[in-house]
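Peer 1: Requesting a structural model of the entry that follows:
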Amino acid sequence: MKILMKPIEMIAYFKEEGIPKPVRFRTSSANGLHTVIRVDKIITKTQEKLAGNNMYVFRCQSCINGMEKMYELKYELSTCKWFLFKI
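Peer 2: Numbers count the residues shown, from 1 in each chain. The predicted structure follows:
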């Protein structure tokens with residue numbers, strides 16, 4: 001997997017405990033095209049502390065361009081930002 005740590009726009013919902021569940025996200029490429037990817041399956045969800053920031057890490061699977069791909073999403077609790085971490 002390639003590490004990106006790229007900020008993304010996310011649609012998610014939160015459970016009563018405050019834990020997010022990603023639904024779909026939009027990312028843009030270098031040429032300005034936007035791609036919307038629906039999160040088909042969340043395989044694992046962990047919590048980590050990176051440089052003093054608490055983060056939720058979601059390992060997910062989706063069908064992208066007709067192929068099943070695995071990737072990692074990160075949600076930073078202090079800033080409420082989502083990142084596409086690995087693909």
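Peer 1: mind listing what residue 42 touches?
Peer 2: Neighbouring residues of residue 42 by C-beta atoms under 8 Å, 6 or more residues apart in numbering: 21, 22, 58, 59, 60. Every residue, glycine included, has its C-beta placed from N, CA and C.
Peer 1: Surely the first one touches residue 14?
Peer 2: What it means is residue 21. Yes: using C-beta atoms under 8 Å, residue 21 is in contact with residue 14, at 7.4 Å.
Peer 1: ok, the two, which is more surrounded?
Peer 2: Using other C-beta atoms under 10 Å as the criterion, residue 21 and residue 14 rank with residue 21 on top: 13 against 9.
Peer 1: got a pLDDT number for that one?
Peer 2: In this model, residue 21 is scored at 97, pLDDT.
Peer 1: list the buried ones in stretch 55-74?
Peer 2: Within stretch 55-74, the residues scored as buried using 16 or more other C-beta atoms under 10 Å are 55, 56, 57, 58, 59, 60, 62, 71, 72, 73, 74.
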